[in-house]
Structures are given as structure tokens and as C-alpha cells.
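> here are the coordinates; sequence isn't available:
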């Protein structure tokens with residue numbers, strides 16, 4: 001039983017590190033994406049970071065403007 005508990009602890013640690021890396025990566029990605037689209041990157045990064053993390057990223061993906069390089073009206 002102790003091996004199972006230790007194994008679950010290691011699994012939890014690895015899972016936590018993966019989630020932390022995804023969290024940090026999504027903040028940097030949102031910042032760069034906003035800057036590329038002409039929006040204030042620092043504001044988007046704050047929204048992604050502090051708006052219940054995956055929800056903030058989804059909000060940015062839904063409301064971000066079209067890429068000016070691919071959109072020609």
C-alpha cells in the first residue's frame with residue numbers, strides 16, 4: 001500500500017508540473033498573439049493568468065481579432 005501512495009505522489013507531482021508549464025506557456029502565447037494582432041499583450045496576459053486559467057485562455061481564443069496578415073476585407 002505504501003508503494004501505491006508513493007506512486008500516486010510522484011504522479012501528482014509530475015501532473016502538477018505539466019499543468020504549471022502549460023499555464024506559463026499559455027500566458028506567454030496569449031501575450032505574443034495579442035501583440036501580433038495589435039492588442040495590448042500585457043492586458044491579455046493578465047486576463048489569461050487571473051481569469052480562472054483555462055477559462056481566461058478560452059475567452060481570449062473566442063474574442064481575439066482576426067489576424068491582419070490573413071484577413072483582407
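Here it is on my side, so go on. It should be emphasised that the depicted structure is a prediction, and the values quoted were computed from it without experimental measurement.
> Residue 32: what's it in contact with?
Listed by CB atoms under 8 Å, 6 or more residues apart in numbering, the contact set of residue 32 reads residue 41. All C-beta spots, glycine's among them, are computed from the backbone N, C-alpha and C.
> Sticking with it, tell me its helix or strand.
Using DSSP states H and E, residue 32 sits in helix 2-36.
> again, but for residue 39
Using DSSP H and E, residue 39 falls outside every helix and strand.
> Find me the pLDDT at it, would you?
At residue 39, the model reports a pLDDT of 84.
> Same question for residue 7.
Listed pLDDT for residue 7 reads 76.
> With residue 68 instead?
59.
> Any buried residues in the helix holding residue 32, and which?
Neighbour-count burial for helix 2-36, counted by 16 or more other CB atoms under 10 Å, picks out 26, 27, 30, 31, 33, 34.
> tell me, what residue is most central in the protein?
By CA atoms, centre = their mean, the chain has its centre lying nearest to residue 26, at 2.4 Å.
> where does the residue nearest to it when sequence neighbours are not counted fall, helix, sheet strand or coil?
The shortest distance from residue 26 to any non-neighbouring residue, by CB to CB, 6 or more residues apart in numbering, is to residue 57 (5.0 Å). With DSSP: H, G, I helix; E, B strand; the rest coil as the basis, residue 57 sits in helix.
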